[in-house]
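>>> would you be able to build a 3D model of this:
(one chain, ligands or ions: 3)
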Amino acid sequence: MTRKIAILPGDGIGPEIVAEAVKVLECLNTDMDLGLEFESGLIGGCAYDEHGTPLPQQTLDLCKAADAVLLGAVGGPKWEPLEHAVRPERGLLGIRSELELFSNLRPAILYPQLADASTLKAEVVSGLNLMIVRELTGGIYFGQPRGVRTLANGEKQGYNTLVYSESEIRRIAHSAFSIAQKRNKRLCSVDKANVLECTELWREVMTEVSKEYPDVELSHMYVDNASMQLVRAPKQFDVMVTSNMFGDILSDTAAMLTGSIGMLPSASLDANGKGMYEPIHGSAPDIAGRGVANPLATILSVAMMLRYTFAEATAADRIEKAVNAALDAGIRTADIYSEGKQKVSTAEMGDAVVNALKNGA
Ligand SMILES: NC(=O)c1ccc[n+]([C@@H]2O[C@H](COP(=O)([O-])OP(=O)(O)OC[C@H]3O[C@@H](n4cnc5c(N)ncnc54)[C@H](O)[C@@H]3O)[C@@H](O)[C@H]2O)c1
Ligand SMILES: CC(C)[C@H](C(=O)O)[C@@H](O)C(=O)O
Ligand SMILES: [Mg+2]
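Residues are numbered from 1 along each chain as shown. Ligands and ions are numbered 1, 2, ... in the order given. Here you go, the predicted model:
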């Protein structure tokens, strides 16, 4: 059996962190005969530089033909002056949309070894294991019309449209409820139903779908309160489900509960389990090229790939165990470093995970 993985390193720290995740996959591939094959493509700013578009047709074809996609990150100051249609981020939104990856899972798990790395008190975050389910192909990110227009008085006006159809809400609701069913059976739907009609419909559909999952307890929370509750008492949450933009923001907040944004992986899934896997952070231009980025979010993203797309739970568990072993050994990249630990580079962290795999993880 061959399983094709499209590798899209992207920009900034993207190539540095993806190289470490591929190292981990190659190690397991040899060890467990997983049949993985890799082929690389361009996306984002590097694709624009080469082809004049952030999502070249050959990259799209490569991803459509693959069983799974591994992505680093896109974007950076170099491409900020470009017009919107060809900005690196458009490439990422384009591929999510083209592959219909509507269900974005962003787990925020605190590794006990990192309780001190969080800016929150250890007792607030210890034992944290939260899953954010973010709708990824709809909402204000994709709604039409959008743009910047000039009003009759000559003033410019920017506009975007927040839209969700019932079917879009229903399918992300089913994703979230089935995930909650396999966890602690508590789902919190986050919206702004007190102000936005669109999210009033969101709340209605969530409530309707909940009738099909009587074993899951559904609650609703306004997004402003949710952002406050996430830092006040994050362990009250089991699974959160929310719209594209709210999920983007809340997952960065949740990342910090775990010590660093460099720790949060993600899976973006279509209706059939095909997926794209990427860390939730960006291309970190401030540290790119220095070999100091934390590759663990990307390494944990390939664990999600093995679990969700390839149903290789044992291989996925092994990666998570190896990450634990590296952290147990006191190995830390700069973002999660604390006194008394060993500060390592991106590649050394990747090596530590590979060594842990070779040594029994
Ligand atoms: N999925 C993606 O490709 C993605 C996600 C977010 C942002 N971006 C893009 O990335 C660029 C930079 O955005 P930003 O600065 O707002 O967010 P960012 O996530 O790239 O960086 C925010 C901060 O976190 C740090 N950081 C991020 N990942 C890290 C890692 N693995 N290890 C250690 N530190 C890490 C950075 O150094 C920076 O200080 C922008 O062009 C943005 O559009 C891309
Ligand atoms: C780069 C950007 C388009 C992207 C998003 O907003 O979805 C990023 O912030 C993320 O969280 O994956
Ligand atoms: Mg984001």
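>>> which residues does the residue most central in space within the chain contact?
Per C-alpha atoms, centre = their mean, the C-alpha nearest to the average position across the chain is that of Ser266, at 3.0 Å. The contact partners of Ser266, taken as C-beta atoms under 8 Å, 6 or more residues apart in numbering, are 104-107, 251, 277-280, 301, 304. From N, CA and C alone the C-beta is placed, and that goes for glycine too.
>>> next one: His51
Leu42.
>>> ok, now how distant is it from Ala334?
34 Å (C-beta to C-beta, to the nearest Å).
>>> on that earlier part again, quickly note the distance from the residue nearest to the centre of the chain to Arg183.
17 Å.
>>> close to ligand 1: what parts of the protein are there?
Residues of the chain found near ligand 1 (C-beta under 6 Å from any ligand atom) are 13, 17, 73-76, 89, 92, 261-262, 278, 281-287, 293-294, 297, 335.
>>> now intersect those residues with the strands, please.
Ala73 (DSSP state E).
>>> what separates the first and last residues of stretch 217-228, distance-wise?
Terminal residues of stretch 217-228 are spaced 21 Å apart (C-alpha to C-alpha, to the nearest Å).
>>> residues of it that come out buried?
218, 220-221, 223, 226-227 (16 or more other C-beta atoms under 10 Å).
>>> follow-up on the earlier one: list only those of the residues of the chain next to ligand 1 flagged as buried.
For the residues of the chain next to ligand 1, buried by 16+ other C-beta under 10 Å: 13, 17, 73-76, 89, 92, 261-262, 278, 281-285, 287, 293-294, 297, 335.
>>> using CSV, list the CA coordinates for stretch 274-289.
Only the C-alpha atoms of stretch 274-289 are listed here, as CSV (Å, rounded to 0.1, in the frame of the first residue of the first chain):
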residue,chain,number,x,y,z
LYS,A,274,-8.9,13.4,3.9
GLY,A,275,-6.9,16.1,5.5
MET,A,276,-4.4,18.8,5.6
TYR,A,277,-2.2,19.1,8.7
GLU,A,278,-0.4,22.2,9.9
PRO,A,279,0.7,23.9,13.0
ILE,A,280,-1.7,26.7,14.0
HIS,A,281,1.1,29.3,14.1
GLY,A,282,2.3,31.4,11.2
SER,A,283,5.6,31.8,9.4
ALA,A,284,7.2,33.7,12.3
PRO,A,285,9.2,36.1,10.2
ASP,A,286,10.9,37.5,13.3
ILE,A,287,12.7,34.2,13.9
ALA,A,288,12.8,32.6,10.4
GLY,A,289,16.2,31.3,9.2
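>>> what sits against the nearest residue to Gln144 once chain neighbours are set aside?
Once flanking residues are discounted, Gln144 sits nearest to Thr161: 6.0 Å by C-beta to C-beta, 6 or more residues apart in numbering. By C-beta under 8 Å, 6+ apart, the residues touching Thr161 are 140, 143-146.
>>> switch to 10 Å and redo it
139-140, 142-146, 198 (C-beta atoms under 10 Å, 6 or more residues apart in numbering).
>>> between those residues, which sits nearest Leu60?
Leu60 has its nearest neighbour among those in Phe142, at 16.9 Å by C-beta to C-beta.
>>> residues touching the nearest residue to the closest one once chain neighbours are set aside, list them.
Leaving out its chain neighbours, the residue that sits closest to Phe142 by C-beta to C-beta, 6+ apart is Ser97, at 6.6 Å. Ser97 sits next to 55, 136-138, 141-142 when contact means C-beta under 10 Å, 6+ apart.
>>> and which of the residues you listed is nearest to ligand 1?
Closest to ligand 1 out of those is Leu136 (11.1 Å), distances taken as C-beta to the nearest ligand atom.
>>> got the phi and psi for that closest one?
Backbone torsions for Leu136, taken as degrees, to the nearest 10, come to phi -120, psi -10.
>>> now do the contacts for it.
Counted by C-beta under 10 Å, 6+ apart, Leu136 has contacts 93, 96-97, 100-105, 142, 172, 243-244, 247-248, 266, 268-269, 276.
>>> equivalent analysis for Val231, please.
With the criterion set at C-beta under 10 Å, 6+ apart, Val231 makes contact with 119-120, 124-125, 253-254, 256-257.
>>> state the distance from it to ligand 2.
As defined by C-beta to the nearest ligand atom, to the nearest Å, Val231 lies at a distance of 19 Å from ligand 2.
>>> determine the three-state secondary structure at that residue.
helix (DSSP: H, G, I helix; E, B strand; the rest coil).
>>> which SS state does Tyr268 fall under?
One correction, residue 268 is Ser, not Tyr. Once three-state DSSP is applied, Ser268 turns out strand.
>>> quick one: which helix or strand includes the residue of the chain positioned farthest from its centre?
In the chain, the residue that sits farthest from the middle, by C-alpha atoms, centre = their mean, is Asn153; the gap is 42.4 Å. In the assignment (DSSP states H and E), Asn153 maps to no helix and no strand.
>>> which single residue of the stretch 51-200 of the chain ends up nearest ligand 1?
Gly75 (2.4 Å).
>>> wait, doesn't that residue sit right on Gly44?
Yes: with contact defined as C-beta atoms under 10 Å, Gly75 reaches Gly44; the gap is 6.3 Å.
>>> for the residue lying closest to Gly282 once chain neighbours are set aside, give me its contacts.
If the residues on either side of it in the chain are set aside, Gly282 comes closest to Ala73, at 5.0 Å by C-beta to C-beta, 6+ apart. By C-beta under 10 Å, 6+ apart, the residues touching Ala73 are 8-15, 17-18, 43-44, 88, 92, 278-285, 288, 293, 297-298.
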